[in-house]
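> Sequence and predicted structure below; questions after.
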Amino acid sequence: MSPSGCRPLLQLLVANMSDTGDDVSTHKRGNKESNQRKRKKYKREQVGVDIDAEACTNLAFEEYYKAQKIVAEENWADLLQSLRTPLPMTVRVNTTRTSSDIIIKKLRADAACKEITWCPQHIAWRMSNQDYHSAKNEVIKSWIQGQNQGGGLWFQEEVSMLPPLLLDVKPEHYVLDMCSAPGSKTTEALELMHSLSPAKFPCGLLIANDIDTKRVNNIMTPRVRKLHTPAVAITVGNAAKFPQLNLEDESQLSFDRIMLDAPCSGDGTLRKEPSIWRNWDVHSAVDLHSQQLKLLMRGLTLLKDGGRLVYSTCSLNPIENEAVVLAAIRRFQGRVTLVPSKPEGVIAAEGLRTWSVPDPTVPKGKIPTLFSKFEDVPQVLKESNQKRRPILKSMFPTYEHADEEPWAINMIDSLKHCIRINPLHNDSGGFFCATLTKRLLRTDADYSDNVSRSSSANPSHKDVKIIKDALFTNGMSINILSKDDISNILDFYGIPLSKADVLHFLCMSDGKGNDRRITVASEGVLTLLKAFTRSRNALKHKQIQFTTLGVRVFRTYRQDFLKESPCRWRPCQEAVVLLGKICSRRRVLLEHDILLQLIEKQSLPLADLFDFQDNSRVSGMETICNGHVQGDKSPVQKIVLGGAVVGTLAGKESSLVDIWVSCVVTNHTLQTFVSKGELNGLMATLQAILQHD
């Protein structure tokens, strides 16, 4: 399809919007594998293996947290003992896959796996660290690793599963995840949006933002792509400066839900990262407090009236937790309040109402002086210098004239609604969580939900002018495609217009105008793009840059590969589950063992597949053919080269599992067009299904 077939709308600077995540195992992969080999592999230390439990000690840590009274004195020894034991292995099942029931049955059948009962729908499971690394459990361990690689389940700490549940997301919500990498909470929130959507595809939006480009591209983006969701946009930028975007009616885009898992000192992860015992000091909390408060203030500013924000850290330190939350509540002067939100079954302590602030100048390993009131802090510590940040008034629980301000009554006492999880509570890591809501100031009659945020399909002249003034030089071109523009694709793959109407097709081209891929996006993603182009400062100052928009459904073939195909677009693996539901052509179904052969060998002869179809073990081979008549002979089938989606054939309980593979039909074979990691995950799922049957 030529660029002239598209209606130009958006031109954005897209950070690293390249070929990552949709690699082809049987074709050119560039230098990606060699680059991965050059990376130094990180090895996490384990208590009892790399570090003795007796070496897990730090006097300054112990004395500091004793003084902060994070647990009752009689529980202190138990807390230390818990911190010196390895963290259990925990996983969460991906509920967007119809294979989730099979995966849950597999986990339930293993005696070493125990359900985390406070999580809904039986999706969270744990195994003791000792059992996970035991030789007798090598089979289940290998299976779990394969499922994680393929996206059937995710490794995720138990406490990390809490914030998305507290968000209470809906499919139509506009959600911002401010500091999202590595993405475990992001995928959980997206899965919740999908599970609640009657149409299976949320009409809302989740923006997954992070400041670290490498973590976004190498970890989070490949993980999110395994969800096949059109309702996501991944961005890179400083969340404390996330832009205020303008809608078509000149109002500002606000968010129904915001998740802020703030950067923190991380001492709640001692069980997972025992090296923290050696390196811990009080400086990190003091240094991070200001940044955390800026992030929370920005999040609350972007939050819609009546919306909900969940703030979390994996720190035990009240300077990073209760102090940050309390300071934000004070600054909003009653418009923001804490709400009770602890799920039933979660064992946790209430938030602290009193704490002290340490002297950040104390040398590492030394017990710091503690200040209970800002007035007690020496002036020199209130001033910043090149080596340290100052002690701030916002770090303290005390507040002058609180009794004179009606909104401040019981403000400190409301910190009891914070959730403080200590490792001994749930045999987990340490964690802090607070749910805040923004008071609705407008009347219900004046207030409209997502309707006011939706935008028309056609750009205005003002949009175009802003785009021209943005002065991008090396960006991607993003065009909204009409159904006529993609008629070749819709006809080739048999996608009815009625199925395509609920999604928006976007064409991504490079700076030279060459078509490269097509994505589908939800109404929310489209609204975000248009709002972004109307916000001159966001464009001019590059406050955020996009890396992923919606889900990639088609890509052009490279060079002269399959040049005889009438359609130059092939399916992307990340969208085959979606395409499998809406395609009536180029759709082949195989019995599980045959599909496993295809994945293992990465290709199968077409002649064998036609033979299998004669035996009712394969269906849909006619959808990759065109019938025609040669002279007086009977009609024959002619193979049509090009893309195809291949899935599992119905007939058994396990046929409810949607396993789909992106493939291409060549002259003689059906070939997979999937990355090695995805193939391994699919292989593990199929092997489990065959064992279950």
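Received it, and whenever you're ready, just let me know what you need. Numbering: from 1, shown residues only.
> Mind picking out the helix or strand in the protein with the poorest mean pLDDT?
Considering only helices and strands, the least confidently modelled element of the chain by mean pLDDT, DSSP states H and E is helix 461-469, at a mean of 34.
> can you pull out the helices in the stretch 551-693 of the chain?
Applying DSSP state H, counting those that start in this stretch to the stretch 551-693 of the chain gives helices spanning 576-582, 592-601, 606-614, 676-692.
> Turn these into JSON lines, including mean neighbour count and distance to residue 316.
C-beta: built from backbone N, CA, C; applies to glycine. Putting the helices of the stretch 551-693 of the chain into JSON lines (neighbours: other Cβ atoms under 10 Å; distance: least, Cβ to Cβ, whole Å) gives the following:
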{"stretch": "helix 576-582", "mean neighbour count": "21", "distance to residue 316": "41"}
{"stretch": "helix 592-601", "mean neighbour count": "18", "distance to residue 316": "45"}
{"stretch": "helix 606-614", "mean neighbour count": "15", "distance to residue 316": "58"}
{"stretch": "helix 676-692", "mean neighbour count": "20", "distance to residue 316": "35"}
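> Now distance to residue 86 and mean pLDDT too, for those helices, in JSON lines please.
Supplementary listing: those in JSON lines, determined by distance: least, Cβ to Cβ, whole Å; pLDDT from 0 to 100:
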{"stretch": "helix 576-582", "distance to residue 86": "36", "mean pLDDT": "85"}
{"stretch": "helix 592-601", "distance to residue 86": "34", "mean pLDDT": "92"}
{"stretch": "helix 606-614", "distance to residue 86": "48", "mean pLDDT": "91"}
{"stretch": "helix 676-692", "distance to residue 86": "25", "mean pLDDT": "76"}
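> Of those, which is nearest residue 110?
Closest to residue 110 of those is helix 676-692 (Cβ to Cβ; 11.3 Å).
> Residues in a beta bridge with the residue nearest to residue 232 when sequence neighbours are not counted, which ones?
Setting aside the residues directly before and after it, residue 232 is nearest to residue 206 in space (Cβ to Cβ, 6 or more residues apart in numbering), at 5.2 Å. The residues listed as beta-bridge partners of residue 206 by DSSP bridges are residue 175, residue 232.
> Next one: residue 206 from residue 533, what distance?
Here residue 206 is placed at a distance of 20 Å from residue 533 (Cβ to Cβ, to the nearest Å).
> Same check on residue 596?
46 Å.
> do residue 227 as well
With distances defined as Cβ to Cβ, the gap from residue 227 to residue 533 amounts to 26 Å.
> how about residue 197, what does it touch?
171, 203 (Cβ atoms under 8 Å, 6 or more residues apart in numbering).
> Provide the secondary structure category for it.
coil (DSSP: H, G, I helix; E, B strand; the rest coil).
> same thing with residue 318?
Classified using three-state DSSP, residue 318 is coil.
> Please give the element, helix or strand, for the most centrally placed residue in the chain.
Centroid-nearest residue in the chain: residue 186, 2.9 Å away (criterion: Cα atoms, centre = their mean). Using DSSP states H and E, residue 186 falls within helix 184-195.
> Residue 206 and residue 533: which is more packed in?
Neighbours were counted for residue 206 and for residue 533 using other Cβ atoms under 10 Å; residue 206 has more, 30 against 25.
> Report the separation between the more buried one and residue 185.
In this view, residue 206 and residue 185 are 11 Å apart by Cβ to Cβ.
> which residues are in contact with both of those two?
Residues touching both residue 206 and residue 185 (Cβ under 8 Å, 6+ apart): residue 177.
> how about the helices in the stretch 251-400 of the chain?
Secondary structure of the stretch 251-400 of the chain (DSSP H, counting those that start in this stretch): helices located at 276-279, 283-302, 322-332.
> Please convert those helices to TSV, extending it with mean pLDDT, distance to residue 91 and mean neighbour count.
Converted to TSV, the helices of the stretch 251-400 of the chain look like this (pLDDT from 0 to 100; distance: least, Cβ to Cβ, whole Å; neighbours: other Cβ atoms under 10 Å):
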stretch	mean pLDDT	distance to residue 91	mean neighbour count
helix 276-279	91	24	15
helix 283-302	96	29	21
helix 322-332	95	30	23
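> The longest strand anywhere in the chain to helix 322-332, inter-axis angle?
Counting residues, the longest strand found in the chain (DSSP state E) is strand 303-313. Orientation note: strand 303-313 sits at an angle of 160 degrees relative to helix 322-332 (axes from the mean of the first three to the mean of the last three Cα atoms, to 10 degrees).
> May I have strand 303-313 exported as PDB, CA atoms only?
Taking C-alpha atoms only, strand 303-313 is exported to PDB below (Å, rounded to 0.1, in the frame of the first residue of the first chain):
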ATOM      1  CA  LEU A 303      -6.400  13.100  38.300                       C
ATOM      2  CA  LYS A 304     -10.000  13.600  37.400                       C
ATOM      3  CA  ASP A 305     -12.500  14.900  40.100                       C
ATOM      4  CA  GLY A 306     -13.800  11.800  41.700                       C
ATOM      5  CA  GLY A 307     -10.900   9.800  40.400                       C
ATOM      6  CA  ARG A 308      -8.600   7.400  42.300                       C
ATOM      7  CA  LEU A 309      -4.800   7.400  42.700                       C
ATOM      8  CA  VAL A 310      -2.800   4.500  44.200                       C
ATOM      9  CA  TYR A 311       0.600   5.500  45.600                       C
ATOM     10  CA  SER A 312       3.000   2.700  46.500                       C
ATOM     11  CA  THR A 313       6.700   1.900  47.300                       C
END
